[in-house]
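Coordinates only, no sequence provided:
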Ligand SMILES: CC(=O)CC(=O)O
C-alpha cells in the first residue's frame with residue numbers, strides 16, 4: 001500500500017495445517033463431483049487429488065474467468081428448475097445492475113420443498129426444532145409442505161399478490177420457516193425481525209417496506225424466562241397502517257388479540273402447494289443492515305439470485321446434502337437465519353433453535369448439536385471464545401461424533417479459537433471460519449471441504465466470487481492488507497434497496513470508492529497460498545501515522561486475558577491533527593483494572609502485535625455496545641468521541657443497549673470542549 005500501508009502482513013510463511021481432509025473426503029466431496037462434471041461438460045480444470053490446493057485454485061480461477069459458464073453449469077448440475085428457460089446467463093455484468101438469467105422464471109420455495117415430493121423422504125424430518133428444554137421436535141417434509149401450501153393459499157385469499165410484503169415478528173421457530181416459504185410460494189417479499197427487537201427497531205425496518213401482513217408471536221422464552229410482547233405487537237399494529245391481516249402465533253399460549261387470525265387455522269388446509277413462477281430477479285426478501293446513522297439499509301435480494309448462491313454456498317462449500325443436519329445458532333434478525341432455512345434447498349434437515357445461547361449454561365449449543373445429531377454446526381466466533389473462557393469441554397462432555405464441520409462467523413475467529421476447537425471439540429474437525437455479510441446474504445470466503453485449515457485463516461475465496469484486496473489506488477495486493485473488493489457480480493448482490501428509486505443509497509454503500517467494483521468495507525489479506533485473513537471493518541480502521549491496523553487483531557490479543565470479557569478499540573482523529581486510540585475494556589467478574597492489569601494488556605498487545613498497536617489509554621466500561629446482530633459498535637462510538645451529537649452519530653434503534661452510549665457522548669464532549 002502506498003499513502004497508508006499496513007505493518008501487519010498476513011501470516012504468509014508456510015504454516016502447518018491444523019486439519020486436512022483425508023483423501024476419501026476429497027474424492028467424495030460434492031465440490032469434487034461438481035468439478036469432475038464441469039470438467040467433462042464445460043471445460044473446467046480436472047480435480048487433482050495429489051494437490052488439493054492447486055486443484056481448488058484452478059477451479060476458482062476458472063469460475064471467475066468464466067463466470068457465466070460457471071453459473072449456467074452449476075444451475076444445471078444442481079437441477080435448478082426453470083419453468084421458463086433463460087435467454088442467457090449474464091446479460092449485463094455491470095455493477096450495480098448486473099442482469100442474471102433474463103427470461104427465466106422459477107420459485108425458491110418449490111426448490112426448498114423438493115424432498116417432500118420423494119415418498120421415501122416425506123416422513124423424515126425437514127426441521128428439528130429445539131427450545132430451551134433442548135428436546136428436539138421434528139417437522140416432517142410432508143408436514144412442512146402441507147403447512148406451506150395451506151398458508152400460501154390463505155395469504156392469496158387475504159389478497160396477497162406477488163411483490164406484497166409479509167413481515168414476521170418471530171423467533172427461530174418452525175413457523176418462521178413456514179411463513180418465509182409460503183411468502184416465497186406466492187411471490188411475496190419476506191421480511192423479519194426477532195422478537196427481542198423493541199418496537200422502534202422493528203418499525204425502523206418494517207415501516208420502510210409497508211407490509212400487508214404481520215405474522216407475530218405473543219412473546220418468547222429466553223434464558224429460562226417468558227417475555228410477553230403483546231404490548232409491542234399492539235404498537236406495531238397501530239404504526240403499520242398498510243397491514244391487511246395479523247396472524248397470531250401463540251408461543252406463550254395466549255388467545256389471539258382482537259382482529260388477529262390464528263396460525264393454526266391458516267396452516268391446516270389440505271391443499272396442494274402452488275408456486276408462483278416469478279422472474280429470476282423477483283424480490284425474495286428484504287434484509288436490513290444498520291448504517292452508522294439513519295434508517296437501516298433495506299436490502300432486496302432476488303429469488304433466483306439467492307437460490308443459486310445459497311445452493312452453491314451450502315452444497316459446494318459446506319458439502320451439505322440429504323442426510324446432513326444443519327444447525328446454525330442465529331435469530332431471525334440476522335442473515336444467517338435466511339441461510340439456515342436455505343439448508344432445505346440441499347435436502348438437509350434444518351435445526352431451528354429458539355433460546356439463549358448460554359442457557360442453562362455456556363455449553364447449551366453443544367448440547368443442542370448432540371441432541372439433534374447435527375453434522376454441520378455454525379455459530380459466532382464470539383460464542384467459541386466464550387466457551388474457551390468458560391472452560392467448556394464439548395469433546396469430553398458431549399457425543400459430537402456426527403459433527404463434521406464447526407463453522408463460525410460474525411467476526412474473524414481468532415487463532416486461539418481454532419486451537420480451542422481442535423483441542424476441546426475434536427482434533428479431526430473441519431473448522432470453517434467464514435466471512436460475507438447481509439449485503440450478499442452469503443460468504444465471500446470461508447469453507448472448502450477439500451482444502452486444509454490453517455490457524456487464523458479462512459480456507460479460500462468462494463467459487464465465482466472475484467475477491468481481491470485493493471490498495472487505495474485500486475491496485476491488487478497479495479500478502480498485504482487491503483480493502484475487500486469483489487470485481488465481478490454475484491447473483492445474490494442486492495437487486496436494489498427499498499425506497500431508493502434512483503439507486504443513490506445503494507451506489508454510495510458499495511461503489512463510491514472504486515466505481516463499478518463492490519467495496520465491502522472490510523480489511524482483508526489474500527495470501528499467496530490462496531487463503532484469506534479478515535482484519536475487521538475498514539470504515540473503523542485504526543490508522544496511526546499512516547499505518548493501518550485492524551481492530552479485530554487487537555481484540556484477539558486482549559481478549560485472551562481471562563480478566564477481559566470484551567473490548568472496544570477506537571482510533572479518533574482529533575481536531576488538532578493528533579490521534580487518540582483508547583481501548584475500552586469490559587472486565588470479567590471479580591477483575592479490577594489496576595496498574596498490573598493495564599501493564600499486562602499493553603504487554604500482550606506489544607508482544608502479539610506491535611508497539612504501534614498499544615493503546616493510548618485503557619478505560620473500564622460496564623459493557624460493550626453492539627448492533628442488534630451483535631457487532632461491536634465502532635463507528636458510532638468513534639463519532640461520539642469526536643463530539644458528534646448522539647442523534648447524528650447513531651440510530652438508537654439499531655443498538656442492543658443505547659444507554660451504554662451516554663458514556664462515550666459525555667467523554668467526547670469533555671475531550672472536544
Ligand atoms: C457470513 C457473514 O459474514 C455473517 C456476518 O458476519 O454478518
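In hand now; what should we look at? Bear in mind the structure is a predicted one, so any value in this text is a computation, not a measurement.

Now do the strands in the stretch 251-400 of the chain.
Ranges of strands in the stretch 251-400 of the chain, per DSSP state E, counting those that start in this stretch, are 261-262, 278-279, 283-289, 297-302, 325-328, 349-353, 376-380.

Residue of the stretch 51-200 of the chain closest to the ligand, please.
In the stretch 51-200 of the chain, no residue comes nearer to the ligand than residue 194, which is 14.4 Å away by CB to the nearest ligand atom. Quick note: C-beta positions are derived from backbone N, CA and C, even for glycine.

wait, what's in contact with that residue?
170-172, 331-334, 628 (CB atoms under 8 Å, 6 or more residues apart in numbering).

Return the backbone torsion pair for the nearest residue to residue 104 once chain neighbours are set aside.
Excluding the flanking residues, the one nearest residue 104 by CB to CB, 6 or more residues apart in numbering is residue 86, at 3.7 Å. Residue 86 adopts backbone torsions of phi -80, psi 160, taken as degrees, to the nearest 10.

just to revisit the earlier point, okay, the contacts of residue 194 in TSV with neighbour count, distance to residue 236 and pLDDT next?
Listed next are the contacts of residue 194 as TSV, based on neighbours: other CB atoms under 10 Å; distance: CB to CB, whole Å; pLDDT from 0 to 100:
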residue	neighbour count	distance to residue 236	pLDDT
170	30	12	98
171	28	15	97
172	29	19	98
331	23	17	93
332	27	15	95
333	26	14	90
334	25	20	91
628	22	16	84
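
who touches the residue nearest to residue 652 when sequence neighbours are not counted in this structure?
Spatial nearest neighbour of residue 652, chain neighbours left out: residue 658 (3.8 Å); criterion: CB to CB, 6+ apart. Residue 658 is in contact with 625, 650, 652, counting by CB under 8 Å, 6+ apart.

Help me confirm that the first one comes into contact with residue 634.
No: when contacts are counted by CB atoms under 8 Å, residue 625 is not listed as touching residue 634 (9.7 Å).

shared neighbours, the two?
Jointly contacting residue 625 and residue 634 under the rule CB under 8 Å, 6+ apart are residue 568.

show me what contacts the residue nearest to residue 217 when sequence neighbours are not counted?
Once flanking residues are discounted, residue 217 sits nearest to residue 251: 4.3 Å by CB to CB, 6+ apart. Residue 251 makes contact with 171, 173, 217-221, according to CB under 8 Å, 6+ apart.

what does residue 263 give?
175, 215, 247-250.

same question, residue 312
Counting by CB under 8 Å, 6+ apart, residue 312 has contacts 74, 78, 462-464.

Same check on residue 452?
Residue 452 touches 17-21, 52-53, 459, counting by CB under 8 Å, 6+ apart.

Quick one: buried ones out of these?
When these are checked for burial by 16 or more other CB atoms under 10 Å, the buried set is 18-19, 21, 52-53, 459.

Give me the neighbour count for the residue nearest to residue 209 when sequence neighbours are not counted.
Distances taken as CB to CB, 6+ apart place residue 165 nearest to residue 209, at 4.8 Å, with adjacent residues excluded. Residues near residue 165, counting by other CB atoms under 10 Å, number 23.

how about the helices of the stretch 401-550 of the chain, start to end?
In the stretch 401-550 of the chain, the helices defined using DSSP state H, counting those that start in this stretch lie at 415-424, 504-510.

Quick check: end-to-end length of stretch 120-139?
End-to-end distance for stretch 120-139: 15 Å, by CA to CA, to the nearest Å.

what comes up buried for that stretch?
121-122, 124-132, 134, 136, 138-139.

By proximity to the ligand, which residue of the stretch 351-500 of the chain wins?
For the stretch 351-500 of the chain, CB to the nearest ligand atom, closest residue to the ligand: residue 436, 3.7 Å.

Quick check: closest non-adjacent residue to that residue.
Per CB to CB, 6+ apart, closest to residue 436 is residue 443, 3.8 Å.

likewise residue 417?
Distances taken as CB to CB, 6+ apart put residue 384 closest to residue 417, at 4.5 Å, once the chain neighbours are dropped.

give me the number of residues near that neighbour?
26.

same deal with residue 15?
By other CB under 10 Å, neighbour count at residue 15 equals 15.

Pull the number of nearby residues for residue 572.
Residue 572 has 21 neighbours, counted by other CB under 10 Å.

Next: residue 398.
Other residues near residue 398 come to 18 when the count uses other CB under 10 Å.

Quick check: the gap between it and residue 368.
Distance, residue 398 to residue 368, by CB to CB, to the nearest Å: 10 Å.

Residue 484: what's it in contact with?
With the criterion set at CB under 8 Å, 6+ apart, residue 484 makes contact with 444, 467, 469, 519-524, 534, 538.

Of those residues - the most surrounded one?
Comparing those on neighbour count, residue 524 comes out first with 29 neighbours (neighbours: other CB under 10 Å).

Does that one touch residue 533 like I think?
Yes: the pair residue 524 / residue 533 is scored as a contact, 6.9 Å apart, by CB under 8 Å.

Run through the residues of the chain sitting next to the ligand.
Contact residues (CB under 6 Å from any ligand atom) of the chain with the ligand: 336, 409-410, 434-438, 443.

Burial check on residue 274, number of neighbours?
Residues near residue 274, counting by other CB under 10 Å: 14.

so it makes contact with residue 152?
Yes: counting by CB under 8 Å, residue 152 is a contact partner of residue 274 at 6.7 Å.

Checking residue 635 next. Helix, strand or coil?
helix (DSSP: H, G, I helix; E, B strand; the rest coil).

need the contact list for residue 559.
Applying CB under 8 Å, 6+ apart, the residues near residue 559 are 385, 414, 565-567.

which pair in those spans the largest distance?
414 and 565 (14.7 Å; CB to CB).
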